[in-house]
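In: Output the structure for:
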Amino acid sequence: MTKASFRLISLSMRIMQMSLKSITYVISIGFIARYKNFRKRSEALNRSLGVITSFKGCTDAMFKKSLFLTIVGLALACSASAQPGTRTLVFAINEGVTYRGNSDAARQNYKLIADDLGRLLKAKVNVEMIADYGTLEKDLAAKTYDIAFIHATHIALAPVKKGTYSLAVTSKAHLNYKASFLTKLTATPKSPAEVGKVLGSSTKMIGSPDTNSITAWLIRATLRDAAEAAKAPAPPLKFTRYQDSIPFMVEAGFVDVAATASEAIVKDWVAAGGKVLTTSKSVPIKNVIVSNALGNEALETVRTYFTELSAAADGQAKLDRIGLKQGFVTYDPAAYLALSGWLGM
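Out: Coordinates of the predicted model:
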């Protein structure tokens, strides 16, 4: 977010506060004038009826003080309702299920971004770290989250396809996330049909990270295409929890082929003499989606904020803290929805 945007927000809040003060002053003057008029007319009416007035115990000073305290309380209540934080939004964060991390540290890193969004959306934004995909999917279906940063494409894509959320931005550094099939086999297939024949000839399963990870979805879609091209059955999968366990599955002989989407793991594998049999198609991961219940203006506010983060030094510092130095970019909505067909959603 630019400095000009912060100054504009600050100026707007000052103008609002000044307006409230002016309204309070006008109301005070009006009440006092009406009180004096009411008191005079009441005392005259009481004298004409022979009734003893009881206004002697209520001096002007006492009345003004009571009135002042009442109106100040009213003004403070009005001011509070006009300040950011009158509503609470939930900003869900998921950094994947197949990478090891520290959720407490991550929460602090994203809180800086949540605070910025709160000022822009005039709300209090709470950060919730959601590690479990089952919980994430259930809560997205229930529209529990207002904004969500989600590692796995298929998890973010499902509510967008349903029409309850919209894609705001995606990580610039992760536009081409793909699965690489690691192996020690000597075969060098050049087409999906050849890949299908090589994998279909093996008696062993294919190694994969967590069954609901985006990598597993990429693996299944790739094996489906290869099997269809080779007119052969797709081999079954053998799962492990984390990406960093994939090379060991091949090294230990549990499988002949295992797939990972970690570029660092693939680089180390190749450097050690291993081979990449084939790769999947690529998808954008680390997507930010926004609930359609917030409206188009909020969606554009969130989109603009994230795309402009890398343009300023303070924004770059926030990106560094969440490990996304390149920042965020927009993505074609139609192309994004089309991914659901290939993934088999």
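In: C-alpha only now, for contacts and for neighbours.
Out: Fine.
In: and stretch 182-193, which residues are buried?
Out: By 16 or more other C-alpha atoms under 10 Å, the buried positions in stretch 182-193 come out as 182-183, 192-193.
In: just those residues now: which is nearest Arg220?
Out: Pro192 (13.2 Å; C-alpha to C-alpha).
In: Give me the phi and psi angles of the closest one.
Out: When read as degrees, to the nearest 10, the backbone of Pro192 gives phi -60, psi -40.
In: For it, which non-adjacent residue is spatially closest?
Out: Ala226 (4.5 Å; C-alpha to C-alpha, 6 or more residues apart in numbering).
In: what's near enough to touch that neighbour?
Out: 192-196, 234 (C-alpha atoms under 8 Å, 6 or more residues apart in numbering).
In: pLDDT and distance to Ile219 for the residues you listed - can I get that in JSON lines?
Out: What follows is those, written out as JSON lines (pLDDT from 0 to 100; distance: C-alpha to C-alpha, whole Å):
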{"residue": "Pro192", "pLDDT": "94", "distance to Ile219": "13"}
{"residue": "Ala193", "pLDDT": "96", "distance to Ile219": "15"}
{"residue": "Glu194", "pLDDT": "95", "distance to Ile219": "16"}
{"residue": "Val195", "pLDDT": "95", "distance to Ile219": "12"}
{"residue": "Gly196", "pLDDT": "94", "distance to Ile219": "12"}
{"residue": "Ala234", "pLDDT": "92", "distance to Ile219": "11"}
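In: Show me which pair in these is furthest apart.
Out: Glu194 and Ala234 (12.8 Å).
In: higher neighbour count, the two?
Out: Ala234 (21 against 17; other C-alpha atoms under 10 Å).
In: just to revisit the earlier point, quick check, nearest of the buried residues of stretch 182-193 to Ala114?
Out: Looking across those and measuring by C-alpha to C-alpha, the closest to Ala114 is Leu182, at 38.7 Å.
In: Specify the local secondary structure of that closest one.
Out: Of the three states, Leu182 takes strand under DSSP: H, G, I helix; E, B strand; the rest coil.
In: what's in contact with stretch 333-345?
Out: Under C-alpha under 8 Å, 6+ apart, the answer for stretch 333-345 is 154, 157-158, 160-161, 167, 217-218, 221, 283.
In: Over to stretch 282-299?
Out: Against stretch 282-299 from outside (C-alpha under 8 Å, 6+ apart): 95, 121, 143, 145-153, 156, 160, 163-171, 174-179, 302, 339.
In: mind checking the end-to-end distance for that stretch?
Out: Stretch 282-299 has an end-to-end distance of 26 Å (criterion: C-alpha to C-alpha, to the nearest Å).
In: And that stretch, what's buried?
Out: For stretch 282-299, using 16+ other C-alpha under 10 Å, the buried residues are 283-292, 298-299.
In: among the residues you listed, which two are most distant?
Out: Val283 and Ala298, at 25.7 Å, using C-alpha to C-alpha across these.
In: Okay, and the residue nearest the centre of the chain sits in which element?
Out: In the chain, the C-alpha closest to the average C-alpha coordinate belongs to Ala148, at a distance of 2.3 Å (C-alpha atoms, centre = their mean). Assigned by DSSP states H and E, Ala148 belongs to strand 147-150.
In: just the strands in the stretch 51-200 of the chain please.
Out: Along the stretch 51-200 of the chain, the stretches classed as strands by DSSP state E, counting those that start in this stretch are 88-94, 124-129, 147-150, 165-171, 180-183.
In: Mind giving me the packing neighbours of the first one?
Out: Contacts of strand 88-94 with other secondary structure elements, assessed using 3 or more C-alpha pairs under 8 Å, 6 or more residues apart in numbering; DSSP states H and E, are made with strand 124-129, strand 147-150.
In: ok, it: who's next to it in the sheet?
Out: strand 124-129 (parallel), strand 147-150 (parallel) (DSSP bridges).
In: average model confidence for that strand?
Out: For strand 88-94, the mean pLDDT works out to 97.
In: Can you tell me what sits against that strand?
Out: 114, 123-131, 144-151.
In: Make a PyMOL selection of the buried ones in the residues you listed.
Out: Selection of buried members from these for PyMOL, criterion 16+ other C-alpha under 10 Å:
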select buried, resi 114+123+124+125+126+127+128+129+130+131+145+146+147+148+149+150+151
